[in-house]
Structures are given as structure tokens and as C-alpha cells.
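**Student:** sharing a sequence plus its predicted fold:
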There are 2 protein chains.
Amino acid sequence: MVFTARSEPARAAILAAARQHFTRDGYERTTIRAVASEAGVDPAMVMRYYQSKPGLFSAAVDLDLHLPDPTGLPIEQAAGLLARHFVTRWEGELADEAIMIMLRSAVTNPTAADRVRAVFGGQVVTLVRAVTGDSPDSELRAGLISTQLLGIALCRYLLRLPPVAALDPETLIAAVTPVLEQFLTGPLPAAAETDATRTASARHDG
Amino acid sequence: MVFTARSEPARAAILAAARQHFTRDGYERTTIRAVASEAGVDPAMVMRYYQSKPGLFSAAVDLDLHLPDPTGLPIEQAAGLLARHFVTRWEGELADEAIMIMLRSAVTNPTAADRVRAVFGGQVVTLVRAVTGDSPDSELRAGLISTQLLGIALCRYLLRLPPVAALDPETLIAAVTPVLEQFLTGPLPAAAETDATRTASARHDG
């Protein structure tokens, strides 16, 4: 117990150094040795506390999307709320390095990709169910919402495509709200053989 | 000249090995040494032909999106054509490793990110202009289209979010077509102070 209390500053220093390295260098290029050196501790101490690089990553990275609770909100406001929340989470008062680390790392590292799947499979599905009630569509809606939100994160914060990176937050929110509305509460193609897809298919096959 | 002709098989072997390594391991973990070993040549030969890892990457990776030419197509069919093309480019007869390498590498490597910006800033803007005519909106429309397309690529091919990865291609095309239509030809928020954003803002600030 005394050891736990005494280890707190070291743990905090290790986690801060890990966040910094994972954010700046990505998962692959971050080493236990570099994190330990930055934190002013021995690499063996990092290993004793966190066992491995994946263990350190999990401890350092907060993967809570802090999604808003739409309970009680009129359904037609839910998409706008989600769009606004998203921008706040990435660049406003809820922003932190963790979400950037998560995305950067998940592209090349299977452990990080597992965590992203768990986060989006859990937290976004929960939000969809809170808005639309439980339905067999909830997971697909959450998945489609994730494509648009992660696509913006990718283009605006990681790749920095100029027209997307340059958008002011309010314009971005206004641009993405109709898409989220479509995915959250709009009609979905039910399966490959719906009318919608047959029409789409017929249009372009000829 | 004789040397050029004789070097062709070695160059082809190097490029094939490079594509394999970049695809499987990403940009960072791919080494000139490993590529040379796979191709059965000396690392010095790889350096002589391609100068550097970025040089090898550029030579190995074809960043042509092969976007369709919408000229003469009714404007309301353009989004469906683009959605169908996108799926074909990533998983149909136009699929290759290059586009996967491009995306995986761009997230962690500035050189690769530069190329993605150039590709999307060039090829997607050209498509938008072919559909809508030249307008000050073209770049923003191309950027927004890129967020949705790259978001699907990220979630379906790299992160493999289960509900997105499991979609059959026709359903995916049907799901994404309305979004592309919105971004390609629908109304856009002009700037932060449009009615649309003021409304969105007012809705959630109270």
C-alpha cells in the first residue's frame, strides 16, 4: 500500500510521457525505452507497472468518446447534437491526445484496432439505441455514423486535406449534420436486394 | 540502354517486393533491406534505382484513383456512379494494394500524407468540376466527398468495424449514394454565419 502511494508520481510521469510519444510518433515508433527516458525512470519500472507496450497503450489512452446523452431530446435534434459533440471532442473543450493516438495507432496496429472496434461497437451503438430505440438496424446505423465521423477525423486532423482542415467548426457541423441525420434516423437499404439497391444497380450497369 | 533493358526484371522484382512490404507492414516498418532481400537483389541496387524509401514508395505505389468520367451523365446519376466506382476501386476489378498502402502510410508518414492530399486535391476536384461545372465550392465539395469515401475505406478495409465490413457491396453503395449526392450537388453551408449553422447552433446552445 505504501508502495502504491509512493509509485503514483512515477506512474503519472510514465503515462504523461507515453501519451506524448504515442501522439507524436504513433504506436509503432513509440518504445518503452523512450517513454521511460522521458519520464525519468528505468524501463524495467515501466514493464513492471504496465507489462508491455500494448498494456502501456491501454493505460495511457482514454478511449471514452464522451458521447452526449440524447435522452429527452427531440429525435430531429440528435444528429446536430452528435455533430457538435464530435467537433468538441476533437478540437474543443473535450479534446485530448487520446483520440488522436487511438486513430493513428489503429491503422497500423491490431491491438489498437481491436480497441477502436470495441469503442465504436459499444459507445456509438449505445447512442443510436438511446435515440431510435433498440432495433436490428442499430449496429449498422452506428457503423455508418462511424464512417462519416472517422472520415472527418482522418481528413481534418490527420491528413489535413486543405478544404476540410480549413472549415470553421460551425460550417463543419452544418455540413455533416444532414449526413448523420440520414444514418441515424433516415431510411436504410435493408439488404442487397432492396428496391433502392436494385435501382442503383440498374442505373449504372447498362 | 542495354543496362536499362537488363535492369527491367530487377526493377519489377523490387517494385513487387516493395508493394508487398508496404501493404503488409505499412510505410514505417518497411525497410530497403527487407525489400531488397525479398527481391533477391542487393540493397545498394534498390538505392541506385530509387534513391530513398520515399522514392521507392512513390515508384511502387500507383495513386491513380481511376475516377470515372461523368461527362454526359445526368447529374442525378453522378453520386451513384461515384459510389459504385469507389467500391470497385477498393474491392472489385480495379482493386490493388496501392490504395491500401497509401491510406495506411499517410496516417503516420508526412511524405505519404502529402501524396494523398495531392491526389484528393487533384483527382476528386476534377471529378466534381466535371459534374457541377467550375465553382468556388468545388474544392469544399471534393473535400467533403473525401471524408465520406476515406471514412468508409478506413472503417471497412482498415479497422474492419463489423457492421461496415459485413455490408454487401450493393447495400454499401445504396447507403452511401445519398451522402455523396448531398456533398456533390446538394446545398452547402456557405460559411459560419449561414442560416443553417445559426439554427444548428441555436438548437444546442440553450
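**Tutor:** Cool, the structure landed. In this text, all values refer to a predicted model and were calculated from it rather than measured experimentally. Numbering: from 1, shown residues only, chains lettered A, B, ... in the order given.
**Student:** show me the helices in chain A, by range?
**Tutor:** Ranges of helices in chain A, per DSSP state H, are A:2-29, A:32-39, A:43-50, A:53-60, A:78-91, A:97-106, A:110-119, A:125-132, A:138-152, A:162-165, A:169-185, A:195-205.
**Student:** buried deepest among those helices, which one?
**Tutor:** The highest average neighbour count among the helices of chain A, using mean count of other C-beta atoms under 10 Å in any protein chain shown, belongs to helix A:138-152 at a mean of 25. The way it works is simple: take the backbone N, C-alpha and C, and place the C-beta from them, glycine included.
**Student:** returning to that earlier point: kindly state which of the helices of chain A is positioned closest to chain B.
**Tutor:** Nearest to chain B, of all those, is helix A:138-152, at 2.0 Å by C-beta to the nearest C-beta.
**Student:** re the thing from before, mind putting the helices of chain A into CSV with distance to chain B and mean pLDDT?
**Tutor:** Shown next, in CSV, are the helices of chain A (distance: least, C-beta to the nearest C-beta, whole Å; pLDDT from 0 to 100):
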stretch, distance to chain B, mean pLDDT
helix A:2-29, 5, 81
helix A:32-39, 15, 96
helix A:43-50, 21, 93
helix A:53-60, 14, 83
helix A:78-91, 5, 91
helix A:97-106, 6, 78
helix A:110-119, 5, 83
helix A:125-132, 9, 92
helix A:138-152, 2, 95
helix A:162-165, 3, 95
helix A:169-185, 4, 95
helix A:195-205, 4, 42
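**Student:** distance to B:D168 for these - can I get that in CSV?
**Tutor:** Output for those, formatted as CSV (distance: least, C-beta to C-beta, whole Å):
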stretch, distance to B:D168
helix A:2-29, 32
helix A:32-39, 43
helix A:43-50, 41
helix A:53-60, 33
helix A:78-91, 26
helix A:97-106, 24
helix A:110-119, 20
helix A:125-132, 21
helix A:138-152, 12
helix A:162-165, 29
helix A:169-185, 18
helix A:195-205, 9
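**Student:** closest to B:I32 out of those?
**Tutor:** B:I32 lies closest, by C-beta to C-beta, to one member of those: helix A:2-29, at 17.2 Å.
**Student:** the residue nearest the centre of chain A and A:Q20: what is the separation?
**Tutor:** The residue lying closest to the centre of chain A (C-alpha atoms, centre = their mean) is A:I99, at 5.5 Å. Using C-beta to C-beta, to the nearest Å, A:I99 is found at 15 Å from A:Q20.
**Student:** likewise A:A190?
**Tutor:** 47 Å.
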